[in-house]
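# sequence below, structure please.
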Amino acid sequence: MSMADFIDPIPQVPRINPNAHLILSEADEVCSWVGGEAFVLEGIQPNIIRKLLALIDGVRPLERIYAELADSGDRNYLNEIVLALSKLDIIEEVVTEASPQNHRWELPIVSKQLGQKAIALLGNHQLLNTLAKTFAAAGFDNRRAFYLKNFASCQTPEFRALGQERILVNGTSKYLSSLAPTVYQDSLDSVSISGLSQLFKEFDFVICALEGIPFQALLDVNKSALASGTPCLFVTASQETALIGPTVIRGATACFGCRIITLEGLPPVFEDIWPQLSTPIVAKADSGILSSVAQACLEEAISLLGPTLTPIRATSVLKITEEGDAYGGLCLRTIKRLLPSSECQECTPRLDEPLGVIERSAIAAAAEEIGRIWPNSPKAAIPPASDAYQTVGILGGGTAGYLAALAFRAFRPDIKVTLLESSAIPVIGVGEATTPELVKFLHSPRFLGLDIVDFYERVRPTWKLGIKFQWGLPDDYEFTFPFQRGRLLESLLYDSTLNNQSLGAMLMSADRAPIFDRGDGTPLSLLHQIRWAYHLDNRRFVRYLREEAIAAGIEHIDVKISDAQISADGETITHLITEDGRQLTYDLYIDCSGFRSLLLEQKLGSKFVSYQDTLSTDRAIAATVPHNGTVKPYTLAETMNNGWCWNIPFEDADHRGYVFSSAFCSDDQALEEMRAKNPGMGDPWVVKFRSGRHEDFWKGNVVAIGNSYAFVEPLESTAIHTIVLELELLLTNFPASKRDEGIKSVLNRKMSDRWDALRWFLGIHYKFNHRLSTPFWQAANRDTDISGAIERLALFSERAPLSYRNSLFYPLHPPDFFSDDHSYDTLLAGQQVPARFMEPVEDPATWQRQMAILKGLASTAMPQHEALSCLREKRQDLLYDFAKRRDSWLHTWLPA
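Numbers count the residues shown, from 1 in each chain. A predicted model of the protein is given here:
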């Protein structure tokens, strides 16, 4: 990330964020770590930033800091550093502390017998204060609060030297050192593992809630608890987030070291330095986090020491987060189930000693967790076979070929991949509309994991929130088909339109992007919540994929394949034959030769299954058309006399294409109609196609990807969508041995089922579109075969929408976006197919209030060209945020 990418206001009286870390990597890169996010700051000189950080104390104004650093560098350079540090929350504005608020909850009072249990509370700041007061109020009279100052392991010359060399900012330690010392009856100045171990033996339960202290100290507490055998609950908390757990019970549970390995997810650059980094801190006494932490700790103590003798946090960690609403709402959820980690060096199994009741309860909880895990292993690795596939030859470049090459490199780096294409065959320069499946495939770390900012710079995509259909009814009627699901029935019944069913649908109607103006010149992004796809210029996209494939080390041969030799039985390809007579041999061939299907159809004879009875169009005329400067956030599907016309918007022009049936008009007639609709259109070109699939997805040693296997007309932008699904299905189920045949028949069936389902879904677009009454549309309404969708249509007519009840067509998740009940609901309701509707979920008054909120937000949305420019040139961090944040739809989209 570049320092010039930020536009947030600069704090005028800056202080170090108590929960920020800034270190120097071994390569002298400045790296930040705040709130679980890591960034590398480029172009910062370590000596300059050390001087700057030394002056940021929460007292000096920024102007004074700049004045004291006048001899250290250009003011603009210093300003850029401060701007970057502010954006990454390393520094913040000094604010007046609010008086403590009273976060009320019903405090349980323990029995006298339970209150005599010995509890040690370890801490050094707000958490300790709150825990001490809470446990006293609950009746735990035999508790002791220990104020821990220094740990011997953190004072060694080696430990301190590494921290001084590598750590630029350790916000919590700097914050604590600025506070007046707190006086406790039990204060331990120099703490050792042996001393703590002896101390813990005097207690029935220990709660460790240390703040702003090196993680090494918590590992020392962890070792002491394991050595003494005393159960110990670990708590770490910042102003916004708390993690509670596990309760460490020797020989039975995961320890704190296991939690670090399993849960914290530190980036590699921090792995050797993290023991020196400080634990988070609750900087404000009025934080609602404090009372929630105290409540969870009290519940654990009562459960562990009470009659049940059962720890709640034996195998889990509780996460508490502030929701950030006007009422100070908190969210509590179990985020991780923990079992002892084989990588942990802190704890070892000790089941040879006598087990008490608590230990047995903890082991029972662990066994229960194991019972949940063991039956669920959907991604178990298949052991390699002696005759495994070693080489793959991909015939054809383009989108299908390069995505296949990159996918093999990502999923099966052990296989040598060679891509064969001829530079003499040009790339068709048509705009390409996609679905969210491609966004996931490109950027999710589960798949290709390609850098999203780099992608926007090189490919310059625009956003697609869905499809707008000028379809169904005559005149100017239209409806939206958004990727973001919502309340379809309420929108239809209360507003007489489908265009209010979600915020994404509203943005489509308003020609706006999911980036909003806060009112102060800074953007608010909802890219992570509102599902979207890309509009792509095919030339730029293919060039990008080619460059990424070459950078990934995939062998590329510029060659024209003239023929292929088949085996004597006609079941496999023995080798490819180049135009200059060379023979190229591979274990597996990926046929990406497009409509000609050179290997699958021409050489191995896989029969073509036509969809002509359902999808009768077979031509497309494409051209670019000027627009008025508005980059629409959707693909348009406009009804035409003999088919329909797409509009794919880009920043410089629209890409339009007329899909029609040659049985009803000639190319010249279609071109005349298209020119009448689109004055100023550029030079057109005609693409011929057929809709259908082959009988085999995998035949012999050939797998067909893209148009060489199947194609349907582009009404739902399914070309790249299906390529991605084919690659996901192939590579997540790739066989271990070349002799494995069972997987081939299963993949053939699953892939043909997916394509047939797509056929029926597209068929309903033609069957019920009554916008025009031309001969083509009269035939489409009368003759379109939708036999595979009859059950869904019958059920829709009786109980619409289908998506308002559990599906009867798939068990949990639809196998594909276009097999989803909600997709059928939108297209059938959008075309006003008669149905008996169910009762709406929301009443009219509630609906109108919710609409007011969404419409208010939609009114602040930015036009797409402004939003794209902002993210590409100034706020690249918002793109990274979309790709990295855990609640992004990128990580929860439909399964492969």
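# buried sites along stretch 385-398?
By 16 or more other Cβ atoms under 10 Å, the buried positions in stretch 385-398 come out as 388-389, 392-398. Bear in mind the C-beta positions are built from the backbone N, C-alpha and C, glycine included.
# where exactly do the helices run in the stretch 551-700 of the chain?
Per DSSP state H, counting those that start in this stretch, the stretch 551-700 of the chain carries helices over the ranges 667-677.
# let me see the ranges of the strands in it.
555-558, 561-566, 573-578, 583-584, 588-591, 608-610, 619-625, 635-640, 643-649, 654-660, 685-688, 692-694, 698-699 (DSSP state E, counting those that start in this stretch).
# nearest to residue 475, out of those strands?
strand 635-640 (11.2 Å; Cβ to Cβ).
# I'd like the average pLDDT over the closest one.
What strand 635-640 shows for mean pLDDT is 98.
# what's the angle between that strand and helix 667-677?
110 degrees (axes from the mean of the first three to the mean of the last three Cα atoms, to 10 degrees).
# what would the strands of the stretch 551-700 of the chain look like in JSON lines with mean neighbour count and distance to residue 360?
Shown next, in JSON lines, are the strands of the stretch 551-700 of the chain (neighbours: other Cβ atoms under 10 Å; distance: least, Cβ to Cβ, whole Å):
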{"stretch": "strand 555-558", "mean neighbour count": "14", "distance to residue 360": "59"}
{"stretch": "strand 561-566", "mean neighbour count": "16", "distance to residue 360": "66"}
{"stretch": "strand 573-578", "mean neighbour count": "18", "distance to residue 360": "62"}
{"stretch": "strand 583-584", "mean neighbour count": "14", "distance to residue 360": "65"}
{"stretch": "strand 588-591", "mean neighbour count": "28", "distance to residue 360": "53"}
{"stretch": "strand 608-610", "mean neighbour count": "13", "distance to residue 360": "62"}
{"stretch": "strand 619-625", "mean neighbour count": "21", "distance to residue 360": "70"}
{"stretch": "strand 635-640", "mean neighbour count": "21", "distance to residue 360": "61"}
{"stretch": "strand 643-649", "mean neighbour count": "25", "distance to residue 360": "64"}
{"stretch": "strand 654-660", "mean neighbour count": "25", "distance to residue 360": "68"}
{"stretch": "strand 685-688", "mean neighbour count": "13", "distance to residue 360": "71"}
{"stretch": "strand 692-694", "mean neighbour count": "22", "distance to residue 360": "59"}
{"stretch": "strand 698-699", "mean neighbour count": "22", "distance to residue 360": "52"}
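# tell me which element residue 743 falls in.
helix 742-767 (DSSP states H and E).
# what's the answer for residue 22, then?
Per DSSP H and E: strand 20-24 holds residue 22.
# ok, then the element right after that strand?
strand 30-34.
# ok now that next one, how far from the chain's centre?
Between the centre of strand 30-34 and the centre of its chain there are 22 Å (Cα atoms, centre = their mean, to the nearest Å).
# which residues are contacting it?
The contact list for strand 30-34 (Cβ atoms under 8 Å, 6 or more residues apart in numbering) reads 17, 19-25, 38-41, 44, 46, 49, 88-90, 168, 266-267, 269-270, 277.
# give me the angle between it and strand 20-24.
160 degrees.
# now do the contacts for residue 201.
Applying Cβ under 8 Å, 6+ apart, the residues contacting residue 201 are 228-230.
# oh, that last question was meant for residue 314, not what I typed.
Here residue 314 is in contact with 246-247, 249, 252-253, 361-362, 365-366 (criterion: Cβ under 8 Å, 6+ apart).
# which of those sits closest to residue 451?
Closest approach between those and residue 451, by Cβ to Cβ: residue 246, at 35.7 Å.
# any idea how far that closest one lies from residue 274?
As judged by Cβ to Cβ, to the nearest Å, residue 246 and residue 274 stand 19 Å apart.
# partners of the strand holding residue 22 in the sheet?
strand 30-34 (antiparallel), strand 167-170 (antiparallel) (DSSP bridges).
# using CSV, list the CA coordinates for the shortest one.
Yep, that's strand 167-170 we're talking about. Output of strand 167-170 as CSV, limited to C-alpha atoms (Å, rounded to 0.1, in the frame of the first residue of the first chain):
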residue,chain,number,x,y,z
ILE,A,167,9.6,-2.8,17.2
LEU,A,168,8.8,0.8,16.2
VAL,A,169,5.4,1.0,18.0
ASN,A,170,4.1,-1.1,20.8
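# follow-up on the earlier one: now do the helix or strand following the helix holding residue 743: everything it contacts.
Of the helices and strands lying after helix 742-767 in sequence (DSSP H and E), the nearest is helix 775-783. The contact list for helix 775-783, computed with Cβ under 8 Å, 6+ apart, reads 613, 616, 639, 641-643, 660-661, 664-665, 766-771.
# let me know the closest of these to residue 295.
Nearest to residue 295 among the contacts of helix 775-783, with distances taken as Cβ to Cβ, is residue 768, at 56.1 Å.
# nearest residue to that closest one other than its sequence neighbours?
residue 831 (4.2 Å; Cβ to Cβ, 6 or more residues apart in numbering).
# wait, the one you found touches residue 474, no?
No. Residue 831 lies out of contact with residue 474 (Cβ atoms under 8 Å); the separation is 12.0 Å.
# give me the common contacts of those two.
With Cβ under 8 Å, 6+ apart as the test, residue 831 and residue 474 both reach residue 770.
# who's more crowded, these two?
Neighbour comparison, residue 831 and residue 474: the larger count goes to residue 831, with 20 against 10 (by other Cβ atoms under 10 Å).
# report the separation between that one and residue 773.
Applying Cβ to Cβ to residue 831 and residue 773 gives a distance of 15 Å.
# now for residue 396: which residues touch it?
Going by Cβ under 8 Å, 6+ apart, residue 396 touches 420-421, 591-594, 708.
# nearest to residue 240, of these?
For these, the nearest to residue 240 is residue 592 (48.1 Å; Cβ to Cβ).
# leaving out chain neighbours, which residue sits closest to the closest one?
Residue 592's closest residue in space is residue 396 (Cβ to Cβ, 6+ apart), at 3.5 Å.
# mind checking how far the one you found is from residue 596?
9 Å.
# determine the angle, from 0 to 180 degrees, between the host helix or strand of residue 81 and strand 20-24.
Following DSSP H and E, one finds residue 81 within helix 75-87. If you take the same axes, to 10 degrees, helix 75-87 sits at 130 degrees to strand 20-24.
# list the contacts of the strand holding residue 22.
30-34, 46, 49, 53, 85, 88-91, 165-171, 269-270, 273, 277-278.
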